[in-house]
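# test case, fold it:
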Amino acid sequence: MRADPSRSGQSNGIPNIQRWMLGAVMLGGPLSGWGALYPSNTWLQVGPVALLLPFACRSLRRSPVSNLSAACMTAFVLLHLFAARWSYSFVPYEEWLPMGMNAAAGFERNMFDRLVHFMFGVLAMAPLVEIGVRYLRLSQRMALAFALLFVLAVGGLYEIFEWSLTLALAPDDAGAYNGEQGDMFDAQKDMALAGLGAVLMAPFLRSAVWWKGDSE
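The predicted structure follows:
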């Protein structure tokens, strides 16, 4: 059995590089809530990350994943926390870019929430395929199918969760959190973009061997 090169320099069962990733997420939580555009929604967007951090630490000790998969998960959580600072729909990317992207592309809404849904599909695939093969003992093809179906299922469940919030939150807060921006097909487009990201990523993961050499 070969030693796991990605596990070198590890402490308490978690590679040092993955400990830095966890630290970045821990720092990103309070930074996301600091000066948030809709403070009343902060607990809905930052709260789940804080609650899942202990679970993530325990999981990385008991069922380690490759640095690539850990980086994908970290990147998505940090992207989520970044977008949550402006409640997704109000990320001022138009002010940061040298030329108006919306005008150039013909967009009539803030598209940052669409980007996050697409990136969920892209970034979730590597960890899900790895988990499917390494821990669920699925074949390569079945792991890809599992990952794609998981992305679609989570996308659908999240949209149902957003709808349920409209029953509990004040209209302004619910609108800011859900981010429909007047689009009656917002939920369907978000789910489709997550699925598209997963489908586009699948061919790059067909080999499913990026963690080879890990100790099991």
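# what separation do you get for P39 and V46?
Look at P39 and V46: by Cβ to Cβ, to the nearest Å, they are 11 Å apart. No exception for glycine: its C-beta is placed from N, CA and C like everyone else's.
# between those two, which one's more packed in?
With neighbours defined as other Cβ atoms under 10 Å, P39 and V46 compare such that V46 has more, 21 against 11.
# what residues sit buried inside the helix ranked longest in the chain?
In the chain, with assignment by DSSP state H, the single longest helix is helix 140-165. By neighbour count, with 16 or more other Cβ atoms under 10 Å as the criterion, the buried positions of helix 140-165 are 143-144, 146-148, 150-152, 154-156, 158-159, 162.
# which strands and helices sit next to that helix?
With contacts defined as 3 or more Cβ pairs under 8 Å, 6 or more residues apart in numbering; DSSP states H and E, helix 140-165 has these neighbours: helix 112-134, helix 171-178, helix 186-201.
# let's see that with 10 Å instead.
With contacts defined as 3 or more Cβ pairs under 10 Å, 6 or more residues apart in numbering; DSSP states H and E, helix 140-165 has these neighbours: helix 42-62, helix 112-134, helix 171-178, helix 186-201.
# from the ones you listed, which stretch is densest packed?
Per-stretch averages of neighbours, counted by mean count of other Cβ atoms under 10 Å, single out helix 112-134 among the helices and strands packed on helix 140-165, with a mean of 22.
# now the angle from it to helix 186-201?
Going by axes from the mean of the first three to the mean of the last three Cα atoms, to 10 degrees, helix 112-134 is angled at 50 degrees with respect to helix 186-201.
# closest to Y135 among the buried residues of helix 140-165?
Of all the buried residues of helix 140-165, Y135 sits closest to A143, with 10.2 Å by Cβ to Cβ.
# tell me how far that closest one lies from A84.
Relative to A84, A143 is positioned 30 Å away (Cβ to Cβ).
# so what's P30 up against?
With contacts defined as Cβ atoms under 10 Å, 6 or more residues apart in numbering, P30 is in contact with T42, V46, A50, L81.
# what residues sit buried inside the strand or helix carrying it?
When secondary structure is defined by DSSP states H and E, P30 falls within helix 16-33. Of the residues in helix 16-33, those with enough neighbours to count as buried (16+ other Cβ under 10 Å) are Q18, R19, M21, L22, V25, G28, G29, S32, G33.
# quick one: average pLDDT of it?
Confidence for helix 16-33, expressed as mean pLDDT, is 94.
# between it and helix 42-62, how many degrees?
For helix 16-33 against helix 42-62, the angle by the same axes, to 10 degrees is 170 degrees.
# return the distance of helix 16-33 from the chain's centre.
14 Å (Cα atoms, centre = their mean, to the nearest Å).
# and the gap between M142 and P64?
Relative to P64, M142 is positioned 22 Å away (Cβ to Cβ).
# wait, I meant A153
A153 sits 25 Å away from P64, taking Cβ to Cβ as the criterion.
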